[in-house]
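Participant: no sequence on this one, just coordinates:
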């Protein structure tokens, strides 16, 4: 754990020398990630489920297309935000891996990566059970991201 902080310290020093106002360093990550999780993530989950449950074929196709287009960007932004959150803690000279917020973020990214691989595999021949697993795994990841957000707010208020 300390090794990661030491590894990132030169970059953190560079950012500290920019004299970014403390509220931005402290609350920038939570604000940006809240937008990604609730706005983008909420729509990705909504579009995914609407694509599964809608009775109108046109709505199903449009929802699946929206989900397919936005989910990779959501994952990318979450992965970048994960990196930014770690760097933010190093900039603020706080421990990285001691918080449940770190571990829920790691687990959520792991779930989303697994879900992405499931999708990229074409659900191993378009098997409906794997599509169902994808839907529930994505929903579980989103639920974990909500818990992650609560833990992040708690962390932010404690440091």
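Facilitator: Thanks, I have the structure now. Since the model is a prediction, treat every value here as computed from it, not as a measurement.
Participant: biggest helix in the protein, by residue count?
Facilitator: As assigned by DSSP state H, the longest helix anywhere in the chain is helix 57-91.
Participant: from the middle of its chain, how far away would the helix or strand bottoming out on mean pLDDT in the chain be?
Facilitator: Here the helix or strand of the chain ranked lowest by mean pLDDT, DSSP states H and E is helix 123-126, holding a mean of 84. Centre-to-centre, helix 123-126 and its host chain are 25 Å apart (C-alpha atoms, centre = their mean, to the nearest Å).
Participant: Could you give me the buried positions within that helix?
Facilitator: Neighbour counts using 16 or more other C-beta atoms under 10 Å place residue 123 of helix 123-126 among the buried residues. Backbone N, C-alpha and C define where each C-beta goes, glycine included.
Participant: Please apply the same query to stretch 22-31.
Facilitator: 25, 26, 29, 30.
Participant: Show me which of those residues is closest to residue 79.
Facilitator: residue 29 (13.3 Å; C-beta to C-beta).
Participant: surely the closest one meets residue 82?
Facilitator: No - with contact defined as C-beta atoms under 8 Å, residue 29 does not reach residue 82; the gap is 9.5 Å.
Participant: Now the residue nearest to residue 60 when sequence neighbours are not counted: phi and psi?
Facilitator: The shortest distance from residue 60 to any non-neighbouring residue, by C-beta to C-beta, 6 or more residues apart in numbering, is to residue 54 (4.7 Å). Note on residue 54: its backbone torsions stand at phi -70, psi 140 [degrees, to the nearest 10].
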